[in-house]
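Peer 1: Structure for the following, please:
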Amino acid sequence: MNRNLRRSQLAVAVAATLTTSLISAVAFAQDDLDETVVTATRTPVALDAVGAPVIVISRDDIERSLASDVSELLQQHAGMEIARNGGPGQTTSLFTRGTESNHTVVLIDGVRINPGTIGGAALQNIAPESIERIEIVKGPRSSLYGTDAIGGVVQLFTRGASKDGASAGAMFGSDNTQQYFGDVALTPGEKTRLGFGGSYAESDGMPVFVDDDTDRGYRNVTGRASYEFDATDALTIRARGWYTTGRTEYSAQTFSDPPYAAVSQDFENGVASAELEYRNADGFGVRGTVSRALDDIEQLQPGFGPKEFDYARTARTNVDLQMDLARIGTHALTFGLLHSDENTRAQSFGTVFDEDTRVTQAFVQDQFEMGKVTSRLALGGVDHETFGSELTWNAEFGASFGTGTRVTLSGGSAFRAPDSTDRFGYGGNPDLNPEISEQVEFSVRQKLGAYHQLSLSAFDNRITDLIDYVIIDFNTFEGQNQNVERARIKGVELGYNYANEGWRVRAELTLQDPRDETNDERLLRRSKESFLVAVNRDVGPLDLGVDIAAVGDRKDFGFPENVTLDSYTLVNATVRYRVNEALTLQGRVENLFDEDYTLAEGYRTEGLNYTVGVRYNFE
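Peer 2: This is a model prediction of the structure:
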């Protein structure tokens, strides 16, 4: 069992599935069907031309969802499983295609927010109102993004300012949950764009454990700002900032009477960046970005002795340079150089460390196109201060046919560098090697007429040198982190999409075998099968939606043996009504049939719950 699973203490996946709907031009703005994505290749590419599996969540999707955090937006898509230690606001983990919770890179405006201490990005702290768009690329991407990109990459783009305007709104829901938000966009001149926004959310929450009756809530305050100036027709200056802070209440086991104590933690997450981009009409472009990322947790545990002041802090400064050459015949070449200086400090499990780590990465990418045949080759090299160098690659070959068919064969390698806690925390081992993966994938996309599309992806991901805590003394349970595990994740994803005349239907079936090959057991908290379907109907100013998530059984940690968690089915419903061009009323009911289900042994999940909201746009 992976060491991160042991430390997370039976994390619960709250499957608050969300709706993605088609809105008619009369009532709501249509999503752009000719979408361009940048995360898969770090360059703008038409979505239909990307060989890798890509998911796009638009601003309209985000507004329709009434989601309380970003994780709720991700979990209604194939291959994206969420685990949460209790109700909304609690620590959340993302498992992409059956990989570990620290095997997905999360970016905000191109800046990595994964902490250097332990675990994945703090998705539970990111308010959707700050986000304009989400791009998800599944599969290895270390050649372009370095460490952690074994399962995939999730990039969040904060809201900017494309035209003058303002919006404000509020949401209210179960557990005395309330959120207020506002957004302002200004274009004081033809060359200048400014954007500001913020939100405040709080909730009484719900008990964390099934045998506890104390509600544990949260508070979240978020602010953001953006500036963009066109110095010339080819030169653009940008600056962005996003910051969130708050407090999360939770429960700690005392192993006495009473069995749980009410504790909490304060958090801060932030990203600031300044960017200079030159791009001429021939396609030649150079972009330079300097950024700073912060992840800070301070645990407040009165009465717990030395643990009373536990903390985990990551501060990272990055320099990112990228050059896109003008097309040379049928080739488009991209070169990149990234450098980060990271400081991590933590006190946990009785250990303290304060470490500086420098990482330098370079990559080259060639995108080749000849008629209906396309390919992408990428090679990345990383020089890591603690474990040395690592070379990764990606190769994709695709072909399109006149029948609306696109076939792609791809492969790639990826790695995860041991974090500071792996090396210097409890059971730390400075001599750890990186976790390594290699994946191959075959995919087919088939358009059926103008409104239907089918897709199939089959993948095989092998991961070696997984880090686990190995007990050395069974009397004291003292041990050391070692590269001892290996895993293999094989799977098939099937998808169907329909969009026409106010209807949108999306169905996704995932069949996978996430297996720990060290002991031939299934990886914890990951299902072998899941089925997701979302149906939306726009009737004039009214948008109606229903979505269903059916998930198979899962394994979870238990003592003295692991336990099996039953399969479950959740049904959610949404409604959105446009009163006029400015005013919109919304509502969402989750777990409509009050399903009693368990996602992690010993932890609560939400029953029937609701959210209502109002949004007003000022022109």
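Peer 1: for the protein, what are the low-confidence residue spans?
Peer 2: Scanning the chain for pLDDT under 70 picks out 1-34, 301-308, 476.
Peer 1: the residue most distant from the middle of it, which is it?
Peer 2: Going by CA atoms, centre = their mean, the residue of the chain most distant from its centre is residue 475, 39.6 Å out.
Peer 1: For the residue positioned nearest the centre of the chain, give me the backbone phi and psi.
Peer 2: In the chain, the centroid-proximal residue (CA atoms, centre = their mean) is residue 154; its distance is 4.6 Å. The phi/psi pair for residue 154 (degrees, to the nearest 10) reads phi -120, psi 120.
Peer 1: So what pairs up with it in the strands?
Peer 2: For residue 154, the beta-bridge partners under DSSP bridges are residue 106, residue 136.
Peer 1: What residues does it make contact with?
Peer 2: Shown in contact with residue 154 (CB atoms under 8 Å, 6 or more residues apart in numbering): 74, 94, 96, 104-107, 134-136. Every C-beta, even on glycine, is put in place using the N, C-alpha and C of the backbone.
Peer 1: any idea which of these is closest to residue 573?
Peer 2: residue 74 (20.0 Å; CB to CB).
Peer 1: which residues pair with the residue nearest to the closest one when sequence neighbours are not counted across the strands?
Peer 2: Nearest residue to residue 74 in three dimensions, chain neighbours excluded: residue 80, at 4.7 Å (CB to CB, 6 or more residues apart in numbering). Counting by DSSP bridges, residue 80 forms beta bridges with residue 96.
Peer 1: count of residues packed around residue 99?
Peer 2: 29 (other CB atoms under 10 Å).
Peer 1: Regarding it, which helix or strand does it belong to?
Peer 2: Using DSSP states H and E, residue 99 falls within no helix or strand.
Peer 1: Is it in contact with residue 150, as I believe?
Peer 2: Yes. In this structure, residue 99 is within contact of residue 150 by CB atoms under 8 Å, at 5.3 Å.
Peer 1: Now render the contacts of residue 154 as a markdown table, adding distance to residue 619 and neighbour count.
Peer 2: Converted to a markdown table, these look like this (distance: CB to CB, whole Å; neighbours: other CB atoms under 10 Å):
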| residue | distance to residue 619 | neighbour count |
| --- | --- | --- |
| 74 | 32 | 25 |
| 94 | 37 | 26 |
| 96 | 39 | 25 |
| 104 | 38 | 29 |
| 105 | 38 | 29 |
| 106 | 34 | 22 |
| 107 | 32 | 20 |
| 134 | 26 | 22 |
| 135 | 28 | 20 |
| 136 | 32 | 24 |
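Peer 1: Tell me which two of these sit farthest apart.
Peer 2: Pairwise over these, using CB to CB, the maximum falls at 94 and 135, 14.6 Å.
Peer 1: ok, the residue nearest to residue 74 to residue 101 distance?
Peer 2: 12 Å (CB to CB, to the nearest Å).
Peer 1: hey, what's in contact with both of these two?
Peer 2: Joint contacts of residue 80 and residue 101 (CB under 8 Å, 6+ apart) are 94-95.
Peer 1: State the number of residues packed around residue 45.
Peer 2: 21.
Peer 1: Find the residue closest to it in space, skipping its chain neighbours.
Peer 2: That would be residue 37: by CB to CB, 6+ apart, it lies 6.1 Å from residue 45.
Peer 1: Measure how buried that neighbour is and give me the count.
Peer 2: With other CB under 10 Å as criterion, residue 37 counts 22.
Peer 1: Surely it and residue 54 touch.
Peer 2: Yes. Using CB under 8 Å, residue 37 is in contact with residue 54, at 5.6 Å.
Peer 1: hey, what's in contact with both of these two?
Peer 2: Contact criterion CB under 8 Å, 6+ apart; residues shared by residue 37 and residue 54: 47, 135.
Peer 1: coming back round to it: any shared contact partners between residue 99 and residue 150?
Peer 2: With CB under 8 Å, 6+ apart as the test, residue 99 and residue 150 both reach 437, 461, 463.
Peer 1: now these in JSON lines, with distance to residue 454, secondary structure and neighbour count?
Peer 2: As requested, the shared contacts of residue 99 and residue 150 are arranged in JSON lines below (distance: CB to CB, whole Å; DSSP: H, G, I helix; E, B strand; the rest coil; neighbours: other CB atoms under 10 Å):
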{"residue": "437", "distance to residue 454": "28", "secondary structure": "strand", "neighbour count": "29"}
{"residue": "461", "distance to residue 454": "23", "secondary structure": "strand", "neighbour count": "26"}
{"residue": "463", "distance to residue 454": "30", "secondary structure": "strand", "neighbour count": "26"}
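Peer 1: List just the nearest of these to residue 346.
Peer 2: Using CB to CB, those come closest to residue 346 at residue 463, 25.5 Å.
Peer 1: mind listing what that closest one touches?
Peer 2: 99, 150, 435-437, 486-489.
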